[in-house]
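In: Predicted model and sequence follow; I will ask about them next.
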Amino acid sequence: MRNDYFTVGVRNMVLYRELAAILDKAKDCSPPWSDQNQWRELNRLMADWAAADAQGPARTLAAEMARHLARADRLMDGLCAAACPWCPDPCCISARVWLDHADLAFIHLAGFAPPPAQLRDGPGQTCRYLGPRGCALPRHSRPWVCTWHICPTLKARLDKQPEDRIAWLELQDAIKLIRKEIARRLPSYGL
C-alpha cells in the first residue's frame, strides 16, 4: 500500500513541476497562456492535477461552486439581457479579462471542458467568445470576474430588486470562499 501512495505522490510532484514551469513562462505574458500550445499543455497538466485522488475534496468544492454558478447564471442572464445589448462601452470589449489559474482549476475540478483557447491572444483585443447575443461560453467556463463584476447600470437594476440583490451577495460571498479554498489547494509554484 505504501508503494502506491509513494507512486501517486511522485507522479503528482512531477505534474506540479511541469505545471509550474509552464506557469512561470506565462507570468510576463498579457494575457497569460495565449499561445495555443502553452494553453493546451497547461490544460493537460491541470486535468491531470484535478483527476488525482488527492483532489477529491477540491472536486467536492468545485461541484458546490458549480451549483452556485448555476443560480448566479439565472440571475445575471436576466440582468445582462436587460442592459448589456444597449451599453455604449460593454465590459466584454473594454475590460482586460482572461481565465486565471483559479478559473482553470475550478473548470477542471468540476469536470467541465475548458474553452479551446484563452479569451484573448494579446493586449487590446476583445474577447474571442463575445457573440451577437453575448458570451458564447457557459457561465461555468467564464472567468469569475465576468460573473462578479457588476457595472453601474447592472448595480442600479439589481438595487431595484432587493431579493435578487441579497441572493446575489450571498452567492458572490459563497463563490469567493470556495475559489479561495480551491486556489489554496493549487501547487505553490507561482500559481
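Out: Thanks, I have the structure now.
In: Pull up the distance across stretch 145-161, start to finish.
Out: 22 Å (C-alpha to C-alpha, to the nearest Å).
In: what's the answer for stretch 47-63, then?
Out: So stretch 47-63: terminal residues 15 Å apart, C-alpha to C-alpha.
In: All further residue positions should be reported with the first residue as 49.
Out: Got it, first residue is 49 now, which makes that one stretch 95-111.
In: buried stuff in it?
Out: 95, 96, 97, 98, 100, 103, 106, 107, 109, 110 (16 or more other C-beta atoms under 10 Å). (C-beta placed from N, C-alpha, C; glycine too.)
In: quick one, phi/psi of residue 165?
Out: Main-chain torsions, residue 165, degrees, to the nearest 10: phi -150, psi 160.
In: got a list of what it touches?
Out: Residues near residue 165 by C-beta atoms under 8 Å, 6 or more residues apart in numbering: 82, 84, 87, 176.
In: just the helices in the chain please.
Out: With helices called from DSSP state H, the chain shows them at 50-74, 84-99, 104-131, 139-142, 149-157, 192-196, 200-207, 210-233.
In: Most tightly packed of those helices?
Out: When those are scored by mean count of other C-beta atoms under 10 Å, the highest mean neighbour count falls to helix 149-157 (a mean of 23).
In: got any ranges where the chain has weak pLDDT?
Out: 49-78, 236-239 (pLDDT under 70).
In: quick one, which of the helices of the chain is nearest to residue 164?
Out: If you check each of these against residue 164 by C-beta to C-beta, helix 84-99 wins as the nearest, at 8.3 Å.
In: What is the linear distance spanned by stretch 132-150 between its boundary residues?
Out: 26 Å.
In: So which of the buried residues of stretch 95-111 is the closest to residue 168?
Out: residue 95 (22.3 Å).
In: Contact partners for the closest one?
Out: Per C-beta under 8 Å, 6+ apart, neighbours of residue 95: residue 156.
In: so how far is residue 142 from it?
Out: Distance of residue 95 to residue 142, computed by C-beta to C-beta, to the nearest Å: 32 Å.
In: The helices of the chain into JSON lines, with extra columns for distance to residue 172?
Out: Formatted as JSON lines, the helices of the chain follow (distance: least, C-beta to C-beta, whole Å):
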{"stretch": "helix 50-74", "distance to residue 172": "18"}
{"stretch": "helix 84-99", "distance to residue 172": "19"}
{"stretch": "helix 104-131", "distance to residue 172": "24"}
{"stretch": "helix 139-142", "distance to residue 172": "11"}
{"stretch": "helix 149-157", "distance to residue 172": "21"}
{"stretch": "helix 192-196", "distance to residue 172": "18"}
{"stretch": "helix 200-207", "distance to residue 172": "24"}
{"stretch": "helix 210-233", "distance to residue 172": "28"}
